[in-house]
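Asker: Sequence and predicted structure are below.
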Amino acid sequence: MEHINTLEFHKNNPDISVEAYVKRKRIELAHEISLSKKIYLDLKFWILLRDAHIKENVDHNILKLLKLIESLVKQGHAICPISYDIFTEMFKQDDIKTLKATAQIIDELSKGITILSLSERLDFELYHFVRSKLKQPIYAPDEMVWTKIAYIMGFVTPTSEAFSSELNCAMQKAFVDQMWVVPLTDMLDFINDKALSSKSTFIDIDISKQLNEGKFAHINDHNSFKQMFLAELEGILDLYKPNFQSLMVHLYESEIGRKVLPDEIVSDNAGEMFFKLIYNAFRFNKITMEFPSFNVFAKMHAAFRWDKNRIIKPNDIYDIHHATDAIPYYDYFLTEHSLRNLVNNKNLSFEVFRCKTISDIDTAISELSQISSN
């Protein structure tokens, strides 16, 4: 692992907060990759490229696709950031050797870059909407959704009560600089092989049974896909009411320049207000490109419920999340045939996004070959 020691620098430059420093790092990263096409590979494609990389089960076209993407990444024409969902799904692999080989190809093609987790993106999209409506300066979502792989599960930073706030701040910023260069392979090295081989290490809880029970209990409740979508959106927004309240507190603190005291938060009306605002904006077709992750996430859930004959399987949960990760922020989404067919369904109206969803190797080669010539 590359070692970065910037503690003395940050001790001598204390004016910027940790939050502002991380924000600056993410903006710089976004600008570094702004001209690169973003390619989202689902786990199937990562495994195909990994096998070609380690010369196992080599297929000529898959090897050609690997060489093409490697060349595009090397030249700065493309980048393949992963997501939290790819990170967790890769641990479904039984063999530690191939798991680590998958990490190696991810490091190469992603350059250690990942998209923010879904919850972080939902928070930022809401924050961006409010700030933009208030005519306040705000960075575009494309500038704020990228981070480094060490923060794939969210931002955390160490602190110690034994040190002053100034020293804690300097150490935390130096820690960010170090974590900014940690590759996925090193992250796996921090986890012992026994933990890596455990199925429970990073695998999410299977909720497919509950989703099927809810689906078939209310299978005839909605007469149109729009009604189904709004029902799913309502459920998601209801879960996010506490986040809406937190946003209002954050905005208020930004205005008054201090922390809000507990007794100053008198009600949760802000949560209900934002709930109704966003729900009705979608209901009356006032949304264009705002709230893209809310939009895709709710429509994907609605699509699986709208097909009355479909039994939701555990892998379908990953598919919903992969689509929600890819469609709003990537240029290309390489995935299974069935998921490509689903996201191209006219009910979902995903054509408003720039993302092209591809499942065929030949088509992927043809489409991606055009990147360097554009």
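Answerer: Received it, and whenever you're ready, just let me know what you need.

Asker: Roughly how far does residue 346 sit from residue 19?
Answerer: 42 Å (CB to CB, to the nearest Å). Backbone N, C-alpha and C define where each C-beta goes, glycine included.

Asker: In terms of neighbours, single out the busier of those two.
Answerer: Just comparing residue 346 and residue 19: by other CB atoms under 10 Å the higher neighbour count belongs to residue 19, 11 against 8.

Asker: For the helix or strand harbouring residue 48, buried residues please.
Answerer: Assessed by DSSP states H and E, residue 48 sits inside helix 43-53. Buried residues in helix 43-53, counted by 16 or more other CB atoms under 10 Å: 43, 45-53.

Asker: Would you reformat those as CSV and include pLDDT and distance to residue 86?
Answerer: Output for the buried residues of helix 43-53, formatted as CSV (pLDDT from 0 to 100; distance: CB to CB, whole Å):
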residue, pLDDT, distance to residue 86
43, 95, 6
45, 97, 10
46, 97, 7
47, 95, 11
48, 95, 14
49, 96, 12
50, 95, 12
51, 93, 16
52, 93, 18
53, 90, 16
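
Asker: Closest to residue 153 out of those residues?
Answerer: Residue 153 lies nearest to residue 43 out of these, by CB to CB, at 17.3 Å.

Asker: Would you confirm that that closest one contacts residue 91?
Answerer: No - contact criterion CB atoms under 8 Å: residue 43 and residue 91 do not qualify, at 10.3 Å.

Asker: for the stretch 251-374 of the chain, what spans make up the strands?
Answerer: Secondary structure of the stretch 251-374 of the chain, counting by DSSP state E, counting those that start in this stretch: strands at 332-334, 356-358.

Asker: Let me know which of those strands is tucked in deepest.
Answerer: Each of those was scored by mean neighbour count; the highest is strand 332-334, a mean of 25, by mean count of other CB atoms under 10 Å.

Asker: tell me the domain ranges of this protein?
Answerer: The chain resolves into domains spanning 7-196, 208-329 when parsed by automatic domain parsing.

Asker: Can you give me the buried ones in stretch 282-302?
Answerer: 282, 287, 290-302.

Asker: gap between the two ends of it?
Answerer: In stretch 282-302, first residue to last residue: 14 Å (CA to CA, to the nearest Å).

Asker: the helices in the stretch 51-200 of the chain, which residues?
Answerer: 60-74, 84-89, 96-110, 118-133, 141-144, 165-179, 184-189, 193-196 (DSSP state H, counting those that start in this stretch).

Asker: With residue 228 as the reference, name the closest of those.
Answerer: Per CB to CB, nearest to residue 228 of the helices of the stretch 51-200 of the chain: helix 118-133, 20.3 Å.

Asker: got any ranges where the stretch 251-374 of the chain has weak pLDDT?
Answerer: 252-253, 255-257, 260-268, 270, 373-374 (pLDDT under 70).

Asker: One more pass at 80, please.
Answerer: Residues of the stretch 251-374 of the chain meeting the criterion pLDDT under 80: 251-271, 307-312, 314, 372-374.

Asker: Which parts of it are helices?
Answerer: Counting by DSSP H, counting those that start in this stretch, the helices of the stretch 251-374 of the chain are 269-283, 292-306, 314-329, 337-343, 361-369.

Asker: what's the closest of those to residue 87?
Answerer: helix 314-329 (10.9 Å).

Asker: which residues are contacting that closest one?
Answerer: Applying CB atoms under 8 Å, 6 or more residues apart in numbering, the external contacts of helix 314-329 come out as 38, 40, 42-43, 83, 85-86, 89, 115, 118, 141-142, 145, 204, 206-208, 211, 292-293, 295-297, 300-301, 304, 333, 335-336, 339, 342-343, 350, 353, 355, 357.

Asker: Okay then, goodbye and thanks.
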